[in-house]
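[1] requesting a structural model of the entry that follows:
(2 chains)
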Amino acid sequence: MYLNRRAAALSAVAVATMSALGGCGADADEQTDNDNSDNSIVLYSGRDEELVGPIIDAFTQESGIEVEVRPGDTTELAAQLLEEGDSTQADVFLSQDAGALGALAEAGAFATLPDDVAGAVPAAFTSTDDTWVGVTGRARVFAYDPRDVEESELPETVQGFVDPRWSGEVAVAPTNASFQAFVTALRVSEGEDVAEEFLSGLVDNDVQIYESNGDILAAIEDGQVDVGLINHYYKYELAAEVGAENVITELKFAEPGTAGALVNVSGAGILAGAEGDEDAEELVRYLVSEEAQTAFAEQTFEYPLVEGVPGPEGLPELSELVGGDFDLARLESLDETTALIQSVGLV
Amino acid sequence: MGTRPPKVLLAGSLVTGVLVAIPLVYLVVRTSEAGWADVEPLLLRGRTLELAVNSLALAASVAAGCLLIGVPTAWLITRADLPWAPVWRVLAALPLAVPSYVAAYAWVATWPGLHGFVGSVLVLTLVSSPYVTIPVAAALRRADRDVEDVARTLGRSPWGAARSTVWPQIAPAAGAGALLAALYALSDFGAVAVMRFEAFTYGIQLAYRVGFDRTLAAVMALVLTVLALLVVLAERWFRGNAERRQPPAGTGAPASTRPLGRGTVPALTGLAAVAVLALGVPIVSLFVRLAEGTARGLEWGELYAAAVATLTVSSIGAVIAIMMALPVGLLAARYRGRGVAALESASYLGNALPGIVVGLSLVFFTVNVVPGLYQTSLALAFAYAVMFLPKAVGSVRASMAQVPPGLEDAARTLGRSPAQVWGAVTARIALPGVTAGALLVALTAMKELPATLLLRPTGMDTLATEMWSRTTVNAYGSAAPYAVTLMLVASVPAYLLSRPERRA
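    Residues are numbered from 1 along each chain as shown, chains lettered A, B, ... in the order given. The predicted model follows:
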């Protein structure tokens, strides 16, 4: 998979905005005297056990390393890791989004990853200081109800949803990290005015507020709303549960390179206390191996980030999605985004 | 009644006070790390006021709703001559077995348009009304019928007689129940999240989620604690007034039931309507999900392990809660004074904090103070005890108040030692009430989610966490068996709570 520079720039926005700039990272000299390998590690997983479970099982089978998985909500696990500090039992943190990884990196919770692991995915999809590595990509999409909407009716860019045609029919999850990354990308790519105009346009257009992407998908399935701004793989999670033939919702990808087609990443890091733990390194190395990356594409329909691994079947190539021309120097932290979201009254 | 409480009792109460203060200490530590300059703008935002008003309105409405449902229901199941009376009694207690988030999901799935304030009040009222029904029913069984009959012979109408004689007898119980419902509404995140209502807990969750801001979350949680304190004080004031008007306990003649005549049909319709809304809607919606099936299949072993873990940890939690509640409840029942009042009020505050805050505070506490207990079942059970202590304290206080001190004195004059008096008189009379408190704690702990996710031993799952891990990936069909099992397991203590106390 070849990623051009524009592509790299956009995804870098995603990574950088969500991680709110990696910060100082872990102190390499704080090395604890870990026995390098005891064939057992603890993984705090912000990803669903049933989705990640088979991939972890395959790892254990191959390496002989037992992985104790502690599943939880990504943000709550991040808060827990911050509370635990040096006393944490966790060796590896697998995060749903880059924001939690960035917050932990900034607090110095992570060890530095080995070069081969940190460099396994293109720089646009990973940390700037090798504290964590991107594992999968997740695209923002327009999910819609084909009973009420023709694909051709949908706008090409997300700004089209302020049209009165969509009054009361568009759902967003403003507290969700991936929605906020999208808003940041919009601010950076199109300017503050455009972002504010878009968000207040949504509010004036009676946008429907939901708690999570999953709730939005359920609302579309139930016919409550016509369109939702969500991540692409939720549809496939639902299909895994109820069977693909029973899922009504269809997806449309926004015009490549626009903020509406942003690609966010999930990722993994090694906790500072496990610095030098070969088992932990082995697990993260496995997550960016061709085998695991293929499994993610096939089982969770997420985009593999390692170059050369084919993407999920039936979905546009990652290289087709990402694009855009951003002035990376204008990157600002998440604070402005949340302030904007709050000022227009979305949260 | 002595004026100076025994030292053992005071010491025990102090230990409880220190333990329940852990979350507060944690919040103060987190907030003070930031400094006033950082905290002030967070605290004095318009947003804080908006969320506070929302949450207080929610708590007040839920408390009022629970009184409106709970008091008439309690009267009907204790005083009216109802057909199938035992069935109605059980049905009135069972909504306690329904987790608020399950009820909220069911309502949204059934009525997709339902959300916001109205939806939150509806769901929280329906699942919390037994907090009022059960203690009021118990009070009505104890209440003296003679006074009511006297009022009737003096020419009062049935309604007038009931209002002037029965209400004073049940008001303290009704107030205590409404307090539990209000605190539950303040601390609940599950139902308000599903209903998309911007309550205070929503703001706290948002602070963690947006920017991982533990300071903002701590500041907001402290504000929530203050709100809870206001609610607790309001109830104290109400109970103080009510107890002054409360007539002395009756002669013990069992209250006879009265035929309803033409009122039977409306009464049954009302009871049935509440049962359908509180129990029927969630159960039907779960079975619809079950019928839709799941591609994942159900692993019975996992379900069984989760059920056993749920029962075990919640039971240990209930035992710890009762041990912590005994000294406080005993003090509150027998002795008055500022210190006692402050201790009792403090024991209620843990119940107003959302599980994520109590959970994180205990992460902080165990990791730093007793690292050996971190992420053990014991630490989780302790978290349940801290969160749900008020349910135990209330029950202990009420049942201790039933023990006539004169009886204890009589036993002592007969040469029994204090310990013997305690075993032969106090414990025997108070036991049913104390057991009810333990059941209530266990019941609530079974449904707890946020603190369980943070504190459970790695690898252990409860029914609630199994359900959670499935709903987060839209696997509602495969979550349904866990929800059904949780409600079945929780209905056992709910059923036990619905039974009338046997007279000692």
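[2] so residue B:350 touches residue B:358, yeah?
    Yes: the pair residue B:350 / residue B:358 is scored as a contact, 6.2 Å apart, by CB atoms under 8 Å. In this view, the C-beta of every residue, glycine as well, is placed from N, C-alpha and C.
[3] what sits in contact with each of the two?
    B:23, B:386, B:387 (CB atoms under 8 Å, 6 or more residues apart in numbering or on different chains).
[4] now, which of these sits nearest residue A:242?
    Proximity of those to residue A:242 (CB to CB) peaks at residue B:387, which lies at 35.1 Å.
[5] quick one: which helix or strand includes the closest one?
    helix B:377-401 (DSSP states H and E).
[6] what is the neighbour count of residue A:244?
    Counted by other CB atoms under 10 Å in any protein chain shown, the residues lying close to residue A:244 total 11.
[7] the one 3 residues further on now?
    The burial count assigned to residue A:247 is 19, neighbours taken as other CB under 10 Å.
[8] leaving out chain neighbours, which residue sits closest to residue 161?
    Picked chain A for this. In this structure, residue A:161 finds its nearest non-sequential neighbour in residue A:170, 5.0 Å apart by CB to CB, 6 or more residues apart in numbering or on different chains.
[9] not quite, I wanted chain B
    residue B:151 (3.9 Å).
[10] okay, the helix or strand hosting the one you found in CSV with CA atoms only?
    According to DSSP H and E, residue B:151 maps onto helix B:145-153. Output in CSV follows, covering the C-alpha atoms of helix B:145-153 (Å, rounded to 0.1, in the frame of the first residue of the first chain):
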residue,chain,number,x,y,z
ARG,B,145,-54.8,0.6,63.8
ASP,B,146,-56.3,1.7,67.1
VAL,B,147,-55.6,5.4,66.5
GLU,B,148,-57.1,5.2,63.1
ASP,B,149,-60.3,3.6,64.5
VAL,B,150,-60.5,6.2,67.2
ALA,B,151,-60.3,8.9,64.6
ARG,B,152,-63.1,7.3,62.7
THR,B,153,-65.3,7.0,65.7
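[11] show me what the following helix or strand past that helix is packed against.
    Counting by DSSP H and E, the next helix or strand C-terminal to helix B:145-153 is helix B:158-161. Helices and strands touching helix B:158-161, by 3 or more CB pairs under 8 Å, 6 or more residues apart in numbering or on different chains; DSSP states H and E, are helix B:145-153.
[12] list the buried residues in the helix it packs on.
    Residues of helix B:145-153 classed as buried: B:145, B:147, B:148, B:151 (neighbour count, 16 or more other CB atoms under 10 Å in any protein chain shown).
[13] quick check, the third one in contact with residue B:167.
    This points to residue B:148. No: counting by CB under 8 Å, residue B:148 sits too far from residue B:167 to count as a contact (10.6 Å).
[14] for chain A, longest strand please?
    Using DSSP state E, we find that the single longest strand of chain A is strand A:132-144.
[15] partners of that strand in the sheet?
    strand A:227-231 (antiparallel), strand A:250-252 (antiparallel), strand A:263-270 (antiparallel), strand A:303-304 (antiparallel) (DSSP bridges).
[16] residue B:432: how many residues sit nearby?
    Residue B:432: 18 surrounding residues under other CB under 10 Å.
[17] let me know the helix or strand that it is in.
    Assigned by DSSP H and E, residue B:432 falls within helix B:427-447.
[18] list the buried residues of that helix.
    Result for helix B:427-447 [16+ other CB under 10 Å]: buried residues B:429-430, B:432-447.
[19] those residues: which ones sit near chain A?
    Among these, no residue is within reach of chain A (CB under 8 Å from any CB of the partner chain).
[20] burial of residue 125, as a residue count?
    Just so you know, I chose chain A. 28.
[21] other chain: chain B
    So residue B:125, with other CB under 10 Å, has 26 neighbours.
[22] so it makes contact with residue B:60?
    No: assessed by CB under 8 Å, residue B:125 is found out of contact with residue B:60, at 11.4 Å.
[23] residues from the stretch 101-250 of chain A in reach of chain B?
    A:103, A:175, A:177, A:180, A:209-211, A:214-215, A:217-219, A:222-224, A:234, A:237-238, A:240-243.
[24] just the helices in chain A please.
    Secondary structure of chain A by DSSP state H: the helices cover A:5-19, A:49-63, A:74-84, A:98-106, A:115-118, A:177-190, A:192-204, A:213-221, A:234-242, A:278-287, A:290-295, A:318-321, A:334-343.
[25] who does the fifth one touch, helix- and strand-wise?
    When you say that, I think you mean helix A:115-118. helix A:278-287.
[26] can you pull the contacts of residue A:253?
    Contacts of residue A:253 (CB under 8 Å, 6+ apart): A:139, A:141, A:142, A:232, A:261, A:316, A:321.
[27] before we move on, what about residue B:27?
    Going by CB under 8 Å, 6+ apart, the list of residues near residue B:27 reads B:218, B:221, B:222, B:225, B:357, B:361.
[28] for the record, mean pLDDT for the helix or strand hosting residue B:64?
    Using DSSP H and E, residue B:64 maps to helix B:46-79. Mean pLDDT, computed over helix B:46-79, is 92.
[29] that helix vs chain A: in contact?
    Yes: for helix B:46-79, a contact with chain A is found by CB under 8 Å from any CB, at residue B:47.
[30] name the helices or strands packed onto that helix?
    Using 3+ CB pairs under 8 Å, 6+ apart, helix B:46-79 sits against helix B:85-93, helix B:116-142, helix B:167-187, helix B:200-209, helix B:214-245, helix B:264-275.
[31] for whatever residue of the stretch 1-150 of chain B ends up closest to chain A, what are its contacts?
    Here the stretch 1-150 of chain B gets closest to chain A at one residue, residue B:112, 4.5 Å apart by CB to the nearest CB. By CB under 8 Å, 6+ apart, residue B:112 lies in contact with A:219, A:222, A:223, A:224.
[32] low-scoring stretches of the chain, by residue?
    Let's take chain A. Along chain A, the parts satisfying pLDDT under 70 run over A:1-37, A:322-335, A:347.
[33] try again with chain B
    Looking at chain B by pLDDT under 70, you get B:1-3, B:42, B:144, B:210-212, B:246-256, B:293-296, B:473-474, B:501-504.
[34] what number of residues lie near residue 85?
    Here I'm looking at chain A. Neighbour tally, residue A:85, other CB under 10 Å: 16.
[35] should've been chain B
    Residue B:85: 14 surrounding residues under other CB under 10 Å.
[36] ok, it - contacts?
    Taking CB under 8 Å, 6+ apart, we find residue B:85 in contact with B:77, B:257.
[37] that one and residue A:114, how far apart?
    Using CB to CB, to the nearest Å, we find residue B:85 at a distance of 71 Å from residue A:114.
[38] residue A:257 too?
    From residue A:257 to residue A:114 the distance is 33 Å (CB to CB).
[39] the more surrounded of the two?
    Neighbours were tallied for residue A:257 and for residue A:114 using other CB under 10 Å; the higher tally belongs to residue A:257 (21 against 17).
[40] how about the more buried one, phi and psi?
    With angles defined as degrees, to the nearest 10, residue A:257 sits at phi 90, psi -10.
[41] around chain A, which positions in the stretch 101-250 of chain B sit nearby?
    Selection of the stretch 101-250 of chain B residues close to chain A by CB under 8 Å from any CB yields B:109, B:112-113, B:193-194, B:196, B:198, B:205-206, B:208-212, B:214.
[42] count the residues that sit near residue B:261.
    Neighbours of residue B:261 (other CB under 10 Å): 8.
[43] I should have written residue B:68 there, sorry.
    Neighbours of residue B:68 (other CB under 10 Å): 13.
[44] great, nothing more from me.
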